[in-house]
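Trainee: Fold the following.
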Amino acid sequence: MDEDTPEETGPSAPAGDSGHPEGTRTARADGGTERADGPTEDVALDPWGSASVGDYADLFEEFGIEAFDDVADDVVDPHYLMRRGVIFGHREYDAVAEAMANDEPFAALSGFMPTGDPHIGHKLVFDEIIWHQEQGGDAFGLIADLEAHSARGMSWDEIDEHARNYPLSLLALGFDAEDGELYRQSDNREVQDLGFELGSKANFSEFEAIYGFDGETNISHMQSVVTQTADILYPQLVDEPKPTVIPVGPDQDPHVRLTRDLATRMRYFKVTEAFASFELDDAERQLVRAAYDALAADVDDAETDVRCEGAAAWLADYEPPEAGAADRDAADGDAADGDADDAPDLAAAKSTALDKLRAGGKEPLRPRVRFFDRNATDEAFEALIEAVEGDKRVFEGHVDAFDLTRGEAESLAREVEIDHDGFGFRQPSSIYHRFMTGLTGGKMSSSIPASHISLLDDPEDGYEKVKAATTGGRDTAEKQRELGGEADECPVYELYAYLLAGDDDELTKTVYSECVNGERLCGGCKEQAAELMREFLEDHQEKREEVEELLDDLDIDLDSDRRGTGGEH
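Mentor: Here you go, the predicted structure:
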């Protein structure tokens, strides 16, 4: 979740990648690019180490990240990073898009680890936070100083040296400090208290599985992870639980996945769909739903005529589809339950579902919503029973309601929880942007000054770095005119698409088209990009000076009085 300047060992920020992977890319109509199928490498997502994405499409299969194109049409007036395919993936962003379209509360948050100066990769995240704020969302930016100290081994003096520059650039780019909130982890007691509570639902074995932690990992590093989950959920402590999006690079997805799990474990009640007295898991429930729907269509009174034994007979002849996106959308245990983001294996569940239906015999199948007591106090559980209207059955540890929809049940469960001092968290959403390529080719690295442009670079230095950048051009001007350039392999074209063209899609289309058609030569293209970069840095740094006083007036302590060790832990 926390965007850091990439170290030489590997990227952990939006601006670090090993370069364009093998395989081809195809032009988008808006001048962006998207990957086509091609050879890939293993996908490894490590927020602090050598994250590597061979093909962004692999993330959909490996980690359950959804393609942003699937939800793009639901976004009103999308940001140019969305239009150009720079934002390529999401988790449950449809909840945020729906809230945005209906003028309902939502929030956006991301954090920044102050290990160096903010650079053009960080600007992607700054822009995404600001855009969501402009769409009416509550916006939050944080300095991940606890993580920098524990995971990077930075002293507090080193952290303070860089901490000021991140909120300053965020404000200069348009963040509204009156409507939003900026803070540093070490000073936010609510975040730290929430992290303590979330830690009670986490264990070391999952830290091993998610992050590769072992006996050499220091305890403060582990604590900083739990603090980050608290950061991600913090916007839901403000006013009410609400859809919240975390804009990040894909290497930060482990934090999002863990937080989604912990948010669910904190809930008082689990709400599922049920059909009979016995329990079903997510995959079994999907199969029983299919059987019930098929049989109910052919009887006069489904509540009495559809029975377990009849459903078993129907299911015995049914061939479940292979697990995929459609199964994930229909699964009872995905975003609504929060128990998993993976599609259920229906084929494997058929046998157990048949056993349960056959054991049910003549018991009628009757759809219902089931509330499980997960963490509720006795008073909260009694209040839920009282609040369920209509036909209901009360059991030890759960309540079945026959007259509520799933959505109504979810809202009721959250309302009762909040009324009885629970958090009522919604699972956080996320959007993922592509890594930027270094100006020298390969990854963008803070240890290679020529590979990246800091937002604090002298404008003339920014100009010279672009002029010296690697391109996707041919060996000679003659070949360039004959064959066209390779814009998809060009760090300079990325500068246009990710930053320099701003909201002007026509400029990206023109640059791309002229390049691949041989009408644009690299010298002139780099000159234009270098001039735009110099203008951007001049303008940004002037605005940073203008908001200095504003930052000083905010309630954020940028000079820590903490004491501790420095260097590697």
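
Trainee: Now do the helices in the stretch 301-450 of the chain.
Mentor: Per DSSP state H, counting those that start in this stretch, the stretch 301-450 of the chain carries helices over the ranges 302-305, 308-316, 325-330, 346-360, 378-387, 406-419.

Trainee: mind checking which of those helices is nearest residue 175?
Mentor: helix 406-419 (29.1 Å; Cβ to Cβ). Quick note: C-beta positions are derived from backbone N, CA and C, even for glycine.

Trainee: tilt between the closest one and helix 378-387?
Mentor: 140 degrees (axes from the mean of the first three to the mean of the last three Cα atoms, to 10 degrees).

Trainee: outside of helix 406-419, which residues touch it?
Mentor: Contact partners of helix 406-419, identified using Cβ atoms under 8 Å, 6 or more residues apart in numbering, comprise 240-241, 267-269, 271, 273, 336, 369, 371, 376, 380, 383-384, 387-388, 401, 404, 423-424, 426.

Trainee: Okay, buried residues for stretch 347-367 please.
Mentor: By neighbour count with 16 or more other Cβ atoms under 10 Å, stretch 347-367 contains the buried residues 349-350, 353-354, 356-357, 360, 364-367.

Trainee: Could you pull out the strands in this protein for me?
Mentor: 2-4, 25-27, 33-35, 66-67, 87-91, 107-113, 138-143, 181-184, 244-248, 269-274, 368-373, 392-395, 398-401, 429-433 (DSSP state E).

Trainee: Let me see the mean pLDDT of the fourth one.
Mentor: Yep, that's strand 66-67 we're talking about. For strand 66-67, the mean per-residue pLDDT is 93.

Trainee: what packs against it?
Mentor: Here strand 66-67 touches strand 87-91, going by 3 or more Cβ pairs under 8 Å, 6 or more residues apart in numbering; DSSP states H and E.

Trainee: Just give me how far the strand it packs on sits from the chain centre.
Mentor: How far strand 87-91 lies from its chain's middle: 7 Å, per Cα atoms, centre = their mean, to the nearest Å.

Trainee: So for that strand, what gets flagged as buried?
Mentor: For strand 87-91, by 16+ other Cβ under 10 Å, it's 87-91.

Trainee: could you dump those to TSV with distance to residue 411 and pLDDT?
Mentor: TSV is the format used below for those (distance: Cβ to Cβ, whole Å; pLDDT from 0 to 100):
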residue	distance to residue 411	pLDDT
87	30	95
88	32	93
89	28	94
90	23	96
91	21	95
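
Trainee: Look at the spatially closest residue to residue 485 that is not a sequence neighbour and say how many residues are nearby.
Mentor: Using Cβ to Cβ, 6 or more residues apart in numbering and skipping the chain neighbours, the partner closest in space to residue 485 is residue 515 (4.1 Å). Look at residue 515: counted by other Cβ atoms under 10 Å, it has 26 neighbours.

Trainee: dump the residue contacts of residue 515.
Mentor: 472, 484-485, 487, 490, 493, 525.

Trainee: all helices of the stretch 151-300 of the chain, in order?
Mentor: Using DSSP H, counting those that start in this stretch, helices in the stretch 151-300 of the chain cover 156-163, 165-172, 189-199, 204-211, 219-233, 253-265, 282-296.

Trainee: Export only the CA atoms of the fifth one, formatted as PDB.
Mentor: To tie it back to what came earlier, the one meant is helix 219-233. The C-alpha trace of helix 219-233 is given here as PDB (Å, rounded to 0.1, in the frame of the first residue of the first chain):
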ATOM      1  CA  ILE A 219       9.000  -8.000  15.100                       C
ATOM      2  CA  SER A 220       8.700  -4.300  14.200                       C
ATOM      3  CA  HIS A 221       8.500  -5.100  10.500                       C
ATOM      4  CA  MET A 222       5.600  -7.500  11.200                       C
ATOM      5  CA  GLN A 223       4.000  -4.800  13.400                       C
ATOM      6  CA  SER A 224       4.300  -2.300  10.500                       C
ATOM      7  CA  VAL A 225       2.400  -4.600   8.200                       C
ATOM      8  CA  VAL A 226      -0.500  -4.700  10.700                       C
ATOM      9  CA  THR A 227      -0.300  -0.900  10.900                       C
ATOM     10  CA  GLN A 228      -0.700  -0.700   7.100                       C
ATOM     11  CA  THR A 229      -3.800  -2.800   7.300                       C
ATOM     12  CA  ALA A 230      -5.100  -0.200   9.800                       C
ATOM     13  CA  ASP A 231      -4.100   2.600   7.400                       C
ATOM     14  CA  ILE A 232      -6.200   1.000   4.700                       C
ATOM     15  CA  LEU A 233      -9.200   0.700   6.900                       C
END
